[in-house]
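Chemist: the following comprises the amino acid sequence and a computationally predicted model.
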2 protein chains.
Amino acid sequence: MTLTRLARAVQTHKAIAHPVRLRMLLMLRESPLCGCQIGAVVKLAASTISEHLSELKKAGLVVEKKEGRWVEYSLVDDTATETLLAAISPGFERDATVRADAILVKALKRVPLEELCSVDLDLTQLERPAVATALERAERLLTER
Amino acid sequence: MTLTRLARAVQTHKAIAHPVRLRMLLMLRESPLCGCQIGAVVKLAASTISEHLSELKKAGLVVEKKEGRWVEYSLVDDTATETLLAAISPGFERDATVRADAILVKALKRVPLEELCSVDLDLTQLERPAVATALERAERLLTER
DNA sequence: ATACTATTTCGTAATCTTACGAAATGGCGA
DNA sequence: TCGCCATTTCGTAAGATTACGAAATAGTAT
């Protein structure tokens, strides 16, 4: 069944209109990520994360690519999606949660997936100074103010 | 209580992410309208329309201006809102419902509010050739295809 | 004031969303 | 082949959204 343009736009905006999904989109703007990396940051059950990512895929905002044992998600690379994401809100650079997420994503990109998954996605168990520092910075952003 | 930027963006997109509210936004892009004019087009209970418009106001997409007995709603006039609406979706010109709404809005703008309200917002009772033609055109758009 | 009427607020019922854990799936390496 | 593990699917319970009518509100005109 094919949706009208109106229904399609509603679907897209519904996908965006959830705090966790919006965080995921913004994280993916930093870099493509696999499900477990996203899980390590947003801290929800794996099944929940999978369902959110599925919404974003259905909405045509995200695509997946199987990478061995993992699935890599990335933002759809087209002008409509870019325009939409750019229009969402200027000023996210100043949102504490969004900034904290970006800091963690940057640090996570330097950790092999095997290592991240071996600690059950618990970043505090990762023996890596860069991650520990990122965690502290993220924590500080979220508690102060 | 003041929302974070993230929560604010979610609120805005939730407001957009409903077929009737999106239609309202697109109708208001044609012209400012009062609640009863919107009601005559979308055909929902007045209380429901009021609630939808209230969401749009809270989301900062629409403003109201009391005009005597009626309340005139219009799109917020700032660049962020314009950018967002422009980005929502190219191609709404081809959506049957959106086109039908625009046709009705254009016709309605020529009918005094007193007259529209006197027939209980039932456009078919309006003795105006222009409205009758618009209704036919709108109907045709929605049934064919 | 009083009646009138567009709009809002409120309570309610139906429907949709969300998060979870448990079980199913699918790809990799032993 | 077999087990392992990231991801998905499914059932379920809690919570949010939606539409409605009835009653409240607010602003006009008589």
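Modeler: Looks like it came in fine.

Chemist: in the helix ranked longest in chain A, what's buried?
Modeler: Longest helix in chain A, counting residues (DSSP state H): helix A:129-143. By 16 or more other C-beta atoms under 10 Å in any protein chain shown, the buried positions in helix A:129-143 come out as A:131, A:134-135, A:138, A:141. In this view, the C-beta of every residue, glycine as well, is placed from N, C-alpha and C.

Chemist: CA-only coordinates of it in PDB, if you can.
Modeler: Output of helix A:129-143 as PDB, limited to C-alpha atoms (Å, rounded to 0.1, in the frame of the first residue of the first chain):
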ATOM      1  CA  PRO A 129      41.100   6.800  29.300                       C
ATOM      2  CA  ALA A 130      39.500   8.600  26.300                       C
ATOM      3  CA  VAL A 131      36.100   7.000  27.000                       C
ATOM      4  CA  ALA A 132      36.400   7.700  30.700                       C
ATOM      5  CA  THR A 133      37.100  11.300  30.000                       C
ATOM      6  CA  ALA A 134      34.200  11.500  27.600                       C
ATOM      7  CA  LEU A 135      31.900   9.900  30.200                       C
ATOM      8  CA  GLU A 136      32.900  12.500  32.700                       C
ATOM      9  CA  ARG A 137      32.400  15.400  30.400                       C
ATOM     10  CA  ALA A 138      29.000  14.100  29.300                       C
ATOM     11  CA  GLU A 139      28.000  13.500  32.900                       C
ATOM     12  CA  ARG A 140      29.000  17.100  33.800                       C
ATOM     13  CA  LEU A 141      27.000  18.500  31.000                       C
ATOM     14  CA  LEU A 142      23.900  16.700  32.100                       C
ATOM     15  CA  THR A 143      24.100  17.400  35.800                       C
END
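
Chemist: for it, packing partners?
Modeler: Counting contacts by 3 or more C-beta pairs under 8 Å, 6 or more residues apart in numbering or on different chains; DSSP states H and E, helix A:129-143 packs against helix A:96-108.

Chemist: what does the helix it packs on contact?
Modeler: A:23, A:26-27, A:30-31, A:33, A:37, A:40-42, A:92-93, A:116, A:123, A:128, A:130-131, A:133-135, A:137-139, A:141-142, A:145, B:4-6 (C-beta atoms under 8 Å, 6 or more residues apart in numbering or on different chains).

Chemist: can you narrow the residues you listed to ones near DNA strand C?
Modeler: The overlap between these and the neighbours of DNA strand C (C-beta under 7 Å from any atom of the strand) is empty.

Chemist: who touches the longest helix of chain A?
Modeler: Residues from elsewhere that reach helix A:129-143 (C-beta under 8 Å, 6+ apart): A:96-97, A:99-101, A:103-104, A:106-108, A:110-111, A:123-124, A:126.

Chemist: ok, stretch A:84-94 next?
Modeler: Residues contacting stretch A:84-94 (C-beta under 8 Å, 6+ apart): A:12, A:16, A:22, A:25-26, A:29, A:75, A:98-99, B:5-6, B:8-9, B:12-13, B:80, B:83-84, B:86-88.

Chemist: buried sites along that stretch?
Modeler: Within stretch A:84-94, the residues that count as buried by 16+ other C-beta under 10 Å are A:84-85, A:87-89, A:92.

Chemist: which member of those is positioned nearest A:K66?
Modeler: Taking C-beta to C-beta as the measure, A:K66 lies nearest A:L85 of the buried residues of stretch A:84-94, at 24.2 Å.

Chemist: and the helix or strand in which that closest one is found, average pLDDT?
Modeler: In the assignment (DSSP states H and E), A:L85 maps to helix A:79-88. Taken as a whole, helix A:79-88 has a mean pLDDT of 91.

Chemist: same check on stretch A:11-25?
Modeler: 98.

Chemist: hmm, that stretch in reach of chain B?
Modeler: Yes: using C-beta under 8 Å from any C-beta of the partner chain, we find that stretch A:11-25 touches chain B at A:12-14, A:16-19, A:22-23.

Chemist: one more: stretch A:39-49?
Modeler: No: using C-beta under 8 Å from any C-beta, we find that stretch A:39-49 stays clear of chain B, coming within 12.3 Å at best.

Chemist: starting at the chain centroid, how far to the longest helix of chain A?
Modeler: Distance of helix A:129-143 from its chain centroid, counting by C-alpha atoms, centre = their mean, to the nearest Å, is 17 Å.

Chemist: now the angle from that helix to helix A:96-108?
Modeler: Per axes from the mean of the first three to the mean of the last three C-alpha atoms, to 10 degrees, the angle that helix A:129-143 makes with helix A:96-108 is 180 degrees.

Chemist: give me the most central residue, chain A.
Modeler: Nearest to the centroid of the C-alpha atoms of chain A, with distances taken as C-alpha atoms, centre = their mean, sits A:M24, at 2.6 Å.
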